[in-house]
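Visitor: Fold the following for me, if possible:
(one chain, ligands or ions: 1)
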Amino acid sequence: MSDIADKGSLVEEQQRTQALLRHQGRVRHLSTGICQECGEAIAPSRLQVNAYAQRCFECQSDHEKKERHYRV
Ligand SMILES: [Zn+2]
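Guide: Model (predicted):
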């Protein structure tokens, strides 16, 4: 009885993990090369370092400053 329950929860957990990975895959898409904050082109050198960059260098450092600020 407990074996069946364990298998059931394991399958459930796998399904949840897969759903989460699919969700993350959708969110973390490759960069369009355009900054989502200011609409300017992201520097190719930046895209070489991070193909997922969604912001130009300036907006990214602004964003990180804000994130750091919230954390403190
Ligand atoms: Zn920008």
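Visitor: Can you tell me how far Arg22 is from Arg16?
Guide: Between Arg22 and Arg16 the computed distance is 11 Å (CB to CB, to the nearest Å). No exception for glycine: its C-beta is placed from N, CA and C like everyone else's.
Visitor: correction: His29
Guide: Separation of His29 from Arg16 (CB to CB): 22 Å.
Visitor: got it, and Lys65?
Guide: From Lys65 to Arg16 the distance is 34 Å (CB to CB).
Visitor: And for Gln60?
Guide: Noted for Gln60: a distance of 31 Å to Arg16, by CB to CB.
Visitor: who has more neighbours, the two?
Guide: Higher neighbour count among Gln60 and Arg16: Gln60, with 17 against 10, using other CB atoms under 10 Å.
Visitor: For the more buried one, which non-adjacent residue is closest in space?
Guide: Nearest in space to Gln60, with sequence neighbours left out and distances taken as CB to CB, 6 or more residues apart in numbering, is Ala53 at 7.0 Å.
Visitor: Repeat that for Cys38.
Guide: Cys59 (5.7 Å).
Visitor: Could you check how many residues crowd around the one you found?
Guide: Applying other CB under 10 Å, I find that Cys59 has 18 neighbouring residues.
Visitor: Mind telling me what element it is part of?
Guide: For Cys59, the host element (DSSP states H and E) is helix 57-71.
Visitor: Now that helix: buried residues?
Guide: Buried residues in helix 57-71, counted by 16 or more other CB atoms under 10 Å: Cys59, Gln60.
Visitor: What of stretch 34-42?
Guide: Neighbour-count burial for stretch 34-42 [16+ other CB under 10 Å]: Cys35, Ile42.
Visitor: Close to the ion: what parts of the protein are there?
Guide: For the chain, the contact set with the ion under CB under 5 Å from the ion comprises Cys35, Glu37, Cys38, Cys56, Cys59.
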